[in-house]
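Trainee: just coords:
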């Protein structure tokens, strides 16, 4: 193999062996002794050569990968990297923009129920009033009416007892979740736990914060408590990111007894919980984790799915005693929401117009869901009346990718379960179907009937 700097000698030094090993790696790479592209021995082989444990080598390799010294490729091995850090964000965006004439049932979009004109009218009314200066940065005094409006918007019981001082305002729900994660994660190797099948935003947030994201096995009632405990014992984990009211993509609503089991585990393992309730439209019949364990649960929501996607107005209800920390994190990222947006959203909520819009969206969504259930109800689907998508488990003869391609050929775009699993996860044989609010009832009905016909004829569309 290589001599001098690499491999290292461990005799007599005060530092842990993994530190000695990674220091030797740094020196060998920087001196050119280990050139770019050089393949390093597997963990067990190097451990045997050096007379140390495989765990020590694995730990040093992991740190070296995080530094950009090494790179690993499944099936090929570990190599000296070119020093450029791995891209933080993947190529695919979180937002899906309609770019073709196909019927796009991939992304959840807000129906037009007249909110555009309402928002414009409220903007004009707010602009005509005298209020906080539009010259200075917002502060805890000028955003107080908006935080009080959020308290009223969430309502009683759902998030437990809280007040305006517990609310932190953000640029949408994804920004709220990232803010909470920044408050929760710590140490060199933070771990986020989440459902095995999950909204891609969780993966994006984990990659952005350089945290490991670990999926937890699910059943028809959500995350399995025994699998969560197993993951906590195996991986540690500082925070659980979950959607218990209306999970995307599966539409699962976690029952109270399951939530209580998970809350008990959170207390036992000192786990924080971030609950994203961005799909909330109808009345909630189950308390959130923030209500069940207010000392360690964060409640996240926004107006994006319930009023308008153009309003990047999100909110975070922090655990008891954590709001000040979250406010400092938010201010460090963006100082605060623009004052005009604060005034607009506060007025929309306090005047009752936001609730009227939400009620109309809920009614529209319920009608669309009923239409989908009428057509696809003979297949294995999961749905809720106010959740604007359907989770379809495919029958024998179909695979998710094959069914997506068959729908593409008919001008219908949907998402396979593959798009919702973590990198090392196994995708269920299913698809998510959003209910395309921008198309007519007739066009949606036709698309649903086409999908039902395809489901009944898998062999005609199988791909070898």
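Mentor: Looks like it arrived, so ask away. Predicted model only: the values in this text are computed from it and were never measured. Residues are numbered from 1 along each chain as shown.
Trainee: where are the low-confidence patches of this protein?
Mentor: Along the chain, the parts satisfying pLDDT under 70 run over 1-5, 12-13, 74, 83-100, 459-464.
Trainee: and the spatially most central residue of it, what helix or strand is that in?
Mentor: Centroid check for the chain by Cα atoms, centre = their mean gives residue 202 as the closest residue, at 2.6 Å. Using DSSP states H and E, residue 202 falls within helix 200-208.
Trainee: I'd say the residue nearest to the centre of the chain and residue 192 touch.
Mentor: Yes - using Cβ atoms under 8 Å, residue 202 is in contact with residue 192, at 7.1 Å. C-beta here means a position set from N, CA and C on the backbone, and glycine is covered the same way.
Trainee: joint contacts of those two?
Mentor: Counting by Cβ atoms under 8 Å, 6 or more residues apart in numbering, the contacts common to residue 202 and residue 192 are 213, 241.
Trainee: give the buried residues for stretch 217-237.
Mentor: 217-218, 222-225, 227-229, 231-232, 236-237 (16 or more other Cβ atoms under 10 Å).
Trainee: ends of that stretch, what's the gap?
Mentor: Terminal residues of stretch 217-237 lie 15 Å apart, using Cα to Cα, to the nearest Å.
Trainee: what residues does that stretch touch?
Mentor: For stretch 217-237, contacts defined as Cβ under 8 Å, 6+ apart pick out 191-193, 195-197, 212, 214, 216, 240, 242, 244, 247, 250, 252, 254-255, 258, 261-262, 265, 269, 271, 382.
Trainee: buried subset of those residues, written for ChimeraX?
Mentor: To isolate the buried members of the contacts of stretch 217-237 in ChimeraX, using 16+ other Cβ under 10 Å:
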select :191,192,193,195,196,197,214,216,240,242,244,247,250,252,254,258,261,262,265,271,382
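Trainee: same question for the helix holding residue 202: list its buried residues.
Mentor: So, applying 16+ other Cβ under 10 Å, buried residues of helix 200-208: 200, 201, 202, 203, 204, 205, 206, 207.
Trainee: would you mind pulling up the elements that the helix or strand just after that helix packs against?
Mentor: Following helix 200-208 in sequence order, the next helix or strand is strand 212-216 (DSSP H and E). With contacts taken as 3 or more Cβ pairs under 8 Å, 6 or more residues apart in numbering; DSSP states H and E, strand 212-216 sits against strand 191-195, helix 200-208, helix 225-235.
Trainee: just the angle between strand 212-216 and helix 225-235, please?
Mentor: Computed by axes from the mean of the first three to the mean of the last three Cα atoms, to 10 degrees, the angle separating strand 212-216 from helix 225-235 equals 150 degrees.
Trainee: return the distance of strand 212-216 from the chain's centre.
Mentor: With Cα atoms, centre = their mean, to the nearest Å as the basis, strand 212-216 stands 11 Å off its chain's centre.
Trainee: ok, now which ones touch residue 125?
Mentor: Applying Cβ under 8 Å, 6+ apart to residue 125 gives the contacts residue 347.
Trainee: is it in a helix, a strand, or coil?
Mentor: Put simply, residue 125 is helix when judged by DSSP: H, G, I helix; E, B strand; the rest coil.
Trainee: all helices of the stretch 251-400 of the chain, in order?
Mentor: Assigned helices in the stretch 251-400 of the chain, in chain order: 256-268, 289-292, 323-334, 339-350, 353-376, 400-409 (criterion: DSSP state H, counting those that start in this stretch).
Trainee: tell me, how many residues neighbour residue 52?
Mentor: Using other Cβ atoms under 10 Å, residue 52 has 18 neighbouring residues.
Trainee: what does the one 5 residues further on give?
Mentor: The burial metric for residue 57, expressed as a neighbour count using other Cβ under 10 Å, is 25.
Trainee: can you say which helix or strand has it in it?
Mentor: Here residue 57 is assigned to helix 54-67, by DSSP H and E.
Trainee: TSV for the helices and strands packed on strand 212-216, including distance to residue 296?
Mentor: Listed next are the helices and strands packed on strand 212-216 as TSV, based on distance: least, Cβ to Cβ, whole Å:
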stretch	distance to residue 296
strand 191-195	14
helix 200-208	19
helix 225-235	14
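Trainee: so which of the ones you listed comes closest to residue 79?
Mentor: Residue 79 sits nearest to helix 200-208 of all the helices and strands packed on strand 212-216, at 21.2 Å, using Cβ to Cβ.
Trainee: which strands and helices lie in contact with the closest one?
Mentor: Secondary-structure packing of helix 200-208 (3+ Cβ pairs under 8 Å, 6+ apart): helix 173-184, strand 191-195, strand 212-216.
Trainee: returning to that earlier point: got the angle between the helix holding residue 202 and strand 191-195?
Mentor: For helix 200-208 against strand 191-195, the angle by the same axes, to 10 degrees is 170 degrees.
Trainee: just want the angle from helix 200-208 to helix 173-184.
Mentor: On the basis of the same axes, to 10 degrees, helix 200-208 is oriented at 40 degrees to helix 173-184.
Trainee: so what's the gap between helix 200-208 and the chain middle?
Mentor: Relative to its chain's centre, helix 200-208 lies at 6 Å (Cα atoms, centre = their mean).
Trainee: what's the answer for stretch 436-453, then?
Mentor: Relative to the centre of its chain, stretch 436-453 is centred 28 Å away, using Cα atoms, centre = their mean.
Trainee: if we can go back for a sec, could the buried residues of helix 200-208 be laid out in CSV, adding distance to residue 26?
Mentor: CSV is the format used below for those (distance: Cβ to Cβ, whole Å):
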residue, distance to residue 26
200, 34
201, 35
202, 33
203, 30
204, 30
205, 30
206, 26
207, 24
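Trainee: nearest to residue 150, of those residues?
Mentor: Set against residue 150, the nearest of the buried residues of helix 200-208 by Cβ to Cβ is residue 201 (20.7 Å).
Trainee: outline the domain layout of this structure.
Mentor: Here the domain parsing of the chain from automatic domain parsing is 17-80, 103-112+355-461, 130-351.
Trainee: returning to that earlier point: switch the buried residues of stretch 217-237 over to a markdown table; also include distance to residue 177.
Mentor: Putting those into a markdown table (distance: Cβ to Cβ, whole Å) gives the following:
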| residue | distance to residue 177 |
| --- | --- |
| 217 | 22 |
| 218 | 19 |
| 222 | 18 |
| 223 | 17 |
| 224 | 22 |
| 225 | 22 |
| 227 | 22 |
| 228 | 19 |
| 229 | 23 |
| 231 | 19 |
| 232 | 20 |
| 236 | 20 |
| 237 | 16 |
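Trainee: from the residues you listed, which two are the most distant?
Mentor: Greatest spatial distance among these (Cβ to Cβ): 222 and 236, at 21.5 Å.
Trainee: do you know how far residue 111 is from residue 434?
Mentor: Separation of residue 111 from residue 434 (Cβ to Cβ, to the nearest Å) stands at 11 Å.
Trainee: no no, residue 101
Mentor: Taking Cβ to Cβ, one finds residue 101 at 17 Å from residue 434.
Trainee: more neighbours, those two?
Mentor: Between residue 101 and residue 434, residue 434 has the larger neighbour count (other Cβ under 10 Å), namely 21 against 7.
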